[in-house]
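*Asks:* mind looking at a prediction? Sequence and model below.
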Amino acid sequence: MAMRTAISSRILSRAALPGARSMSSWWRSVEPAPKDPILGVTEAFLADPSPDKVNVGVGAYRDDNGKPVVLECVREAERRIAGNLKMEYLPMGGSVNMVQETLKLAYGENSEFIKDKRIAAVQSLSGTGACRLFADFQKRFRPDSQIYIPVPTWANHHNIWRDAQVPQRSYHYYLPETRGLDFAALMDDVKNAPDGSFFLLHACAHNPTGVDPTEVQWREISYQFKVKGHFAFFDMAYQGFASGDPERDAKSIRIFLNDGHFIGISQSYAKNMGLYGQRVGCLSVLCEDEKQAVAVKSQLQQLARRMYSNPPLHGALIVSTILGDPDLKKLWLKEVKVMADRIIGMRTALRESLEKRGSTLSWRHITDQIGMFCYSGLTPEQVDRLTNEYHIYMTRNGRISMAGVTTGNVGYLANAIHEVTKSA
Ligand SMILES: Cc1ncc(COP(=O)(O)O)c(C=O)c1O
């Protein structure tokens, strides 16, 4: 025993193994990663003991009591799934039923592309996973391409394409003076990009601005993409959240499909089914024919295999149970509309409250913008004052998550915004 201890202490002793690293040296050069700006807002909110505190930073739906929501259609699907003890792996491409139902939402219930099997599609780890898988696919098969990303955009887009080593370019999107779309500059950027460029487009309810092109503008964008031979990759994280109707929110995609584009789409059930933590979504790429779709899908599956092998089962079961049952699907559509309508109602309430307080600034953009977010136009300094003096939390770019605004806090929020913008 004494001898064994002596040997092991000699093995562990650095002196006994000249040149050996100390046990702690492997990660000595690792610095802490910068905090995610959105998650940092939530941390600060949670740490604030004030009873008045309001969190309009986080991009997750809340009911009018400020509480997270589990949709009734999801509860019913859970009841039906309960007791299903099939824990086998899904295929690399995920649940075939879930993917088929998901494609109908984006491409249309009776899409000829679905019938002709021209869409390469795989279940993804929600919208983030779909974007990342596409970025990796783009890098592998179009290694010299770049991605054009709108200014501003969801911050993670930059991280995703950076980590996939796809060079990024930007295109104009938001015009601060009008708090609306900078359509002329956007079109110039589309025209000036090299032929055959890749563009990331938000299909609806643009994050963070809440500003979407009109139908006529989408048609012009699609036309110009055709002229230039650009590739459109649609990120659709909020289908249903813009208008309350998933079919209407797919308009941009349908315009591109009608114009004959071969597009890619990222879909997510985080927001519109409230399945945030289940990580369920879909990546699809429209191909020239079935043969090409089979090849593309096989490559997407291979990329997935190396990263996470296959996607999770439970969220996919919830989605396919809901969308595969006409009554549950109807209930889902009703519940999406309830969420979207509550947000639209809060936009009106916030604007009216500001106007009632005598604010002389224009707050029209609050009701013009759509989806979960309002790009308020508040400066970082004004946001800091809202946080420090009124315990109101949001990202410093002035993005208000309308999903966090309630009948109970809208007056307080309006009052605080009025106070910090009075002298502007
Ligand atoms: C524009 C956009 N794309 C993608 C996502 C990804 O969301 P998830 O991965 O939760 O589906 C989000 C989430 O906030 C988003 O706003």
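*Replies:* Received the coordinates, thanks. Numbers count the residues shown, from 1 in each chain.
*Asks:* can you give the domain ranges for this structure?
*Replies:* According to automatic domain parsing, the chain comprises the domains 37-69+340-421, 90-324.
*Asks:* save those domains as JSON lines, and put in distance to the ligand, mean neighbour count and mean pLDDT too.
*Replies:* C-beta here means a position set from N, CA and C on the backbone, and glycine is covered the same way. Formatted as JSON lines, the domains of the chain follow (distance: least, Cβ to the nearest ligand atom, whole Å; neighbours: other Cβ atoms under 10 Å; pLDDT from 0 to 100):
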{"stretch": "domain 37-69+340-421", "distance to the ligand": "5", "mean neighbour count": "18", "mean pLDDT": "94"}
{"stretch": "domain 90-324", "distance to the ligand": "3", "mean neighbour count": "19", "mean pLDDT": "97"}
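*Asks:* now render those as a markdown table, adding distance to residue 79.
*Replies:* Shown next, in a markdown table, are the domains of the chain (distance: least, Cβ to Cβ, whole Å):
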| stretch | distance to residue 79 |
| --- | --- |
| domain 37-69+340-421 | 17 |
| domain 90-324 | 10 |
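*Asks:* out of the ones you listed, flag the one nearest residue 84.
*Replies:* When the domains of the chain are compared by Cβ to Cβ, domain 90-324 sits nearest residue 84, at 7.2 Å.
*Asks:* end to end, how far does that closest one reach?
*Replies:* Domain 90-324 stretches 18 Å from its first residue to its last (Cα to Cα, to the nearest Å).
*Asks:* just stretch 309-319 next, same as before
*Replies:* Terminal residues of stretch 309-319 are spaced 21 Å apart (Cα to Cα).
*Asks:* CA atoms only for stretch 270-278, dumped as CSV, please.
*Replies:* The C-alpha trace of stretch 270-278 is given here as CSV (Å, rounded to 0.1, in the frame of the first residue of the first chain):
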residue,chain,number,x,y,z
ALA,A,270,-40.0,28.5,-30.9
LYS,A,271,-42.3,31.5,-31.0
ASN,A,272,-45.4,30.5,-33.0
MET,A,273,-45.9,27.3,-31.0
GLY,A,274,-44.1,28.4,-27.9
LEU,A,275,-41.7,25.5,-28.1
TYR,A,276,-38.6,27.6,-27.3
GLY,A,277,-36.7,25.0,-25.3
GLN,A,278,-37.8,22.0,-27.4
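*Asks:* tell me how far it lies from the chain's centre.
*Replies:* 11 Å (Cα atoms, centre = their mean, to the nearest Å).
*Asks:* what is the subsequent helix or strand relative to the helix or strand harbouring residue 315?
*Replies:* Assigned by DSSP states H and E, residue 315 belongs to helix 314-323. Using DSSP H and E, the helix or strand that follows helix 314-323 in sequence is helix 326-356.
*Asks:* which other helices and strands contact that next one?
*Replies:* Counting contacts by 3 or more Cβ pairs under 8 Å, 6 or more residues apart in numbering; DSSP states H and E, helix 326-356 packs against helix 72-81, helix 314-323, helix 364-368, helix 410-421.
*Asks:* can you say which of those is nearest to residue 160?
*Replies:* helix 314-323 (20.2 Å).
*Asks:* who does that closest one touch, helix- and strand-wise?
*Replies:* helix 72-81, helix 96-107, helix 326-356.
*Asks:* CA atoms of the shortest one as CSV?
*Replies:* It refers to helix 72-81. The C-alpha coordinates for helix 72-81 follow below in CSV (Å, rounded to 0.1, in the frame of the first residue of the first chain):
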residue,chain,number,x,y,z
GLU,A,72,-53.6,24.6,-25.2
CYS,A,73,-52.8,22.8,-28.5
VAL,A,74,-49.4,21.9,-27.1
ARG,A,75,-51.0,20.7,-23.8
GLU,A,76,-53.4,18.5,-25.7
ALA,A,77,-50.6,17.1,-27.9
GLU,A,78,-48.6,16.3,-24.8
ARG,A,79,-51.6,14.4,-23.4
ARG,A,80,-51.8,12.4,-26.6
ILE,A,81,-48.1,11.7,-26.6
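*Asks:* tell me how far that helix lies from the chain's centre.
*Replies:* Per Cα atoms, centre = their mean, the centroid offset for helix 72-81 relative to its chain is 24 Å.
*Asks:* same question, the last one
*Replies:* The offset between the C-alpha centroid of helix 326-356 and the centroid of the whole chain comes to 19 Å, using Cα atoms, centre = their mean.
*Asks:* enumerate every residue touching residue 91.
*Replies:* By Cβ atoms under 8 Å, 6 or more residues apart in numbering, the contact list for residue 91 reads 301, 310.
*Asks:* one more time with 10 Å
*Replies:* Applying Cβ atoms under 10 Å, 6 or more residues apart in numbering, we find residue 91 in contact with 122, 123, 301, 310, 311.
*Asks:* for the stretch 151-300 of the chain, what spans make up the helices?
*Replies:* Secondary structure of the stretch 151-300 of the chain (DSSP state H, counting those that start in this stretch): helices located at 155-163, 183-192, 215-228, 246-249, 251-258, 290-307.
*Asks:* how about those helices in CSV, adding distance to residue 423?
*Replies:* Output for the helices of the stretch 151-300 of the chain, formatted as CSV (distance: least, Cβ to Cβ, whole Å):
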stretch, distance to residue 423
helix 155-163, 30
helix 183-192, 30
helix 215-228, 35
helix 246-249, 39
helix 251-258, 40
helix 290-307, 51
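*Asks:* measure stretch 268-284 end to end?
*Replies:* Note: stretch 268-284 ends 12 Å apart using Cα to Cα.
*Asks:* likewise for stretch 110-125?
*Replies:* End-to-end span of stretch 110-125 (Cα to Cα): 26 Å.
*Asks:* what helix or strand does residue 388 sit in?
*Replies:* Secondary structure (DSSP H and E) places residue 388 in helix 380-390.
*Asks:* and that helix with helix 410-421, angle?
*Replies:* Interaxial angle, helix 380-390 versus helix 410-421 (axes from the mean of the first three to the mean of the last three Cα atoms, to 10 degrees): 130 degrees.
*Asks:* helices or strands up against helix 380-390?
*Replies:* Judged by 3 or more Cβ pairs under 10 Å, 6 or more residues apart in numbering; DSSP states H and E, the packing partners of helix 380-390 are helix 37-47, strand 54-55, strand 392-393, strand 399-401, helix 410-421.
*Asks:* ok, and what's touching that helix?
*Replies:* 41, 44-45, 48, 50, 52-54, 56-57, 376, 378-379, 392-400, 412-413, 415-417, 419-421, 424.
*Asks:* any idea what the residue nearest to residue 102 when sequence neighbours are not counted is bridged to?
*Replies:* For residue 102, ignoring the flanking residues on the chain, the nearest one in space by Cβ to Cβ, 6 or more residues apart in numbering is residue 282 at 4.2 Å. Beta bridges link residue 282 to residue 123, residue 267 when assigned by DSSP bridges.
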